[in-house]
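K.L.:
Sharing a model prediction with you, sequence too.
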Amino acid sequence: MIDWNNIKKQLQEFLKKELAKTGLNRVTVGLSGGLDSAVVAVLCKETFGDNMSCVLMPSQFSSKESVDDAVELCEKFNIKYEIKSIAPMVEAYIQNMDEDKLRIGNFSARMRMSVLYDTSSRDKSIVVGTSNKSELLLGYGTIFGDIACAINPIGEMYKSDEFEFAKFLGVTDAIINKKPSADLWEGQSDEEELGYSYAQMDEVLKLLVDENKTKEELLTLDYDEKLIDLLNYRIKANAFKGKLPVIAKIKWS
């Protein structure tokens, strides 16, 4: 059993320590109505009190439930929030994206992060990230979009474990029980796109990443070869998303 109270204390200390380094005293969280941002929002509220706020940034493709669920969470925990639609920004450029759902989704994610960073600049705060370990390992996020942040308290927490942490924190049932989705277009589902549930993927990811098991070792344990290959490929192909831009080294003499 995971000691979630201990995990919570560690993450709160992390948040306080990293915020103190900046000389600021406020944080800003982008709230989507999904599990990740809900966990981070509640964690930040319990850590910083009124020195945190959330921004809801629906687009014309967002489900009504996403906003409703995010608002319900804010009301339950008395979190200050504002709603800033990115629909006009997406609409202004959408004709250039050839009805490509992936491009539209990535563009939407980057518009949200632009709004979030502008809000943090206004409030003299820092942006707290909401990407979990499963997403970061698999590259399931938009570089300079939802992956962007100043600090991230849940980047070492697998998605399947995060559900239990959310229950511990008291996140609303509507958010805990919904299918994981980045809400980039109507009906979009993380697990349907990836082809496996987070529980299935995380079980193998923990063996590959945390225990350094090889493909051959996992096959002897009767894990699905297709799943192993998918995870290995995504980890390698998307590793660049978790790195700072590579700067050329110059020899001046």
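P.N.:
Looks like it arrived, so ask away. All of these numbers come straight from a predicted model, not from anything done at the bench.
K.L.:
Residue 171 against residue 70, yeah?
P.N.:
No - counting by Cβ atoms under 8 Å, residue 171 does not reach residue 70; the two are 11.3 Å apart. In short, each C-beta sits where N, CA and C put it, glycine included.
K.L.:
Please identify every residue contacting each of those two.
P.N.:
Counting by Cβ atoms under 8 Å, 6 or more residues apart in numbering, the contacts common to residue 171 and residue 70 are residue 38.
K.L.:
Please say which of the two ends up with more neighbours.
P.N.:
Set residue 171 next to residue 70 and count neighbours by other Cβ atoms under 10 Å: residue 70 wins out with 29 against 22.
K.L.:
ok so the more buried one is a helix residue?
P.N.:
Yes - the assignment for residue 70 is a helix, going by DSSP: H, G, I helix; E, B strand; the rest coil.
K.L.:
Which strands or helices does the helix or strand residue 218 falls within pack on?
P.N.:
Using DSSP states H and E, residue 218 maps to helix 215-220. When contacts are defined as 3 or more Cβ pairs under 8 Å, 6 or more residues apart in numbering; DSSP states H and E, helix 215-220 sits against helix 225-237.
K.L.:
avg pLDDT for the helix it packs on?
P.N.:
Average pLDDT, helix 225-237: 96.
K.L.:
For the remainder of this discussion, apply numbering that starts at 29.
P.N.:
Yep, numbering from 29; the last one is helix 253-265 now.
K.L.:
Work out the gap between it and the centre of the chain.
P.N.:
The chain centre lies 20 Å from the centre of helix 253-265; the measure is Cα atoms, centre = their mean, to the nearest Å.
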